[in-house]
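1. sharing a model prediction with you, sequence too.
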Amino acid sequence: MARLVTGSTAVVREGGTSLPPATRIRAIVFDLDGTLYVSDEFAAVIKDAAVAYLAALLGLDLEQARTAMAETRDRLTAESGAQPTLSAVCRAVGGALPGMHEFFQQRLRPESYLVPDRRVIDLLERLRCQAALYIYTNNSRPLVNRILVALGLEGLFRGVFTIDDSWRAKPDQVGLEQILAIVAEPAEGVLFVGDRFDVDLRLAKRYGCPVFLCRTIEELLQLDRLIVNRQG
């Protein structure tokens with residue numbers, strides 16, 4: 001069973017990366033949105049869809065729903081010291097995750113905004129020769145499948161973990177422990193990659209996993225140097 005690491009261990013740090021020395025990376029768990037692709041336009045469409053969902057659910061107009069979400073986001077940030085996820089804001093305003101994601105599936109068209117990036121495809125092709133690849137995302141499985149097809153990334157991952165597996169949005173301790181159990185590798189050999197430290201990486205790091213923070217595709221492509229060359 002995965003366990004929290006309370007002590008500190010020596011690590012090699014380079015940019016946003018924390019890698020234990022002389023430890024082989026056997027699995028890589030990627031966030032999806034903002035990590036394997038970056039699209040400000042599609043991100044804005046997702047936020048607008050959340051506003052529309054809450055407006056319809058709560059009987060508000062769009063501006064009232066947008067204001068309620070903004071005020072709730074500010075309150076949750078002040079309470080936790082970290083920016084909350086869209087899932088957390090939705091629940092706090094009065095929405096339900098299954099309902100929001102069903103709305104997303106009907107409303108969102110990732111194919112209209114996303115295109116394959118040959119650099120990312122080639123990177124993942126090389127990485128999967130070195131380690132098992134996974135995705136862990138707060139998106140639902142139907143939408144994830146459409147996003148992967150739009151990006152040309154389908155078939156590259158050994159497993160995909162989505163919010164509708166358990167309706168527990170990350171960061172979530174139970175969800176992370178379940179994923180580590182399925183991956184079935186020592187925590188120090190499971191690298192987590194994401195664009196939001198508090199959401200994608202902080203908890204994994206507490207469990208002893210190496211982490212890699214990347215907010216642009218150019219930063220993501222550094223995995224070639226940090227992993228492929230390191231283990232090649």
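-> The structure has been received and is ready for your questions. Since the structure is predicted, the reported quantities are computational estimates derived from the model, not experimental observations.

2. so how many other residues sit close to residue 101?
-> Per other CB atoms under 10 Å, the neighbour tally for residue 101 reads 24. (Glycine included, C-beta is placed from N, CA and C.)

3. just checking, it touches residue 143?
-> Yes: when contacts are counted by CB atoms under 8 Å, residue 101 is listed as touching residue 143 (7.3 Å).

4. which non-adjacent residue is nearest the residue nearest the centre of the chain?
-> Most central in the chain under CA atoms, centre = their mean is residue 31, positioned 2.8 Å from the mean C-alpha point. Spatial nearest neighbour of residue 31, excluding adjacent residues (CB to CB, 6 or more residues apart in numbering): residue 194 at 3.6 Å.

5. how far away is that neighbour from residue 172?
-> To residue 172, residue 194 is 14 Å away according to CB to CB, to the nearest Å.

6. okay, those two: which has more neighbours?
-> Of the pair residue 194 and residue 172, residue 194 is the one with more neighbours under other CB under 10 Å, namely 28 against 16.

7. surely that one touches residue 33?
-> No: Residue 194 lies out of contact with residue 33 (CB under 8 Å); the separation is 9.7 Å.

8. which residues of this protein fall in strands?
-> For the chain, applying DSSP state E gives strands covering 12-14, 17-19, 27-30, 132-136, 159-161, 190-194, 211-213.

9. tell me which of those strands is the most buried.
-> Most buried of the strands of the chain, by mean neighbour count (mean count of other CB atoms under 10 Å): strand 190-194, with a mean of 27.

10. what is the neighbour count of residue 189?
-> The number of residues packed near residue 189 is 18, by other CB under 10 Å.

11. find the nearest non-adjacent residue to it, please.
-> Counting by CB to CB, 6+ apart, the residue nearest residue 189 is residue 26, at 4.1 Å.

12. likewise residue 187?
-> Leaving aside its sequence neighbours, residue 187 sits nearest to residue 208 (CB to CB, 6+ apart; 4.0 Å).

13. ok, the one you found touching residue 188?
-> Yes: using CB under 8 Å, residue 208 makes contact with residue 188 at a distance of 5.6 Å.

14. next, count neighbours for residue 224.
-> 15.
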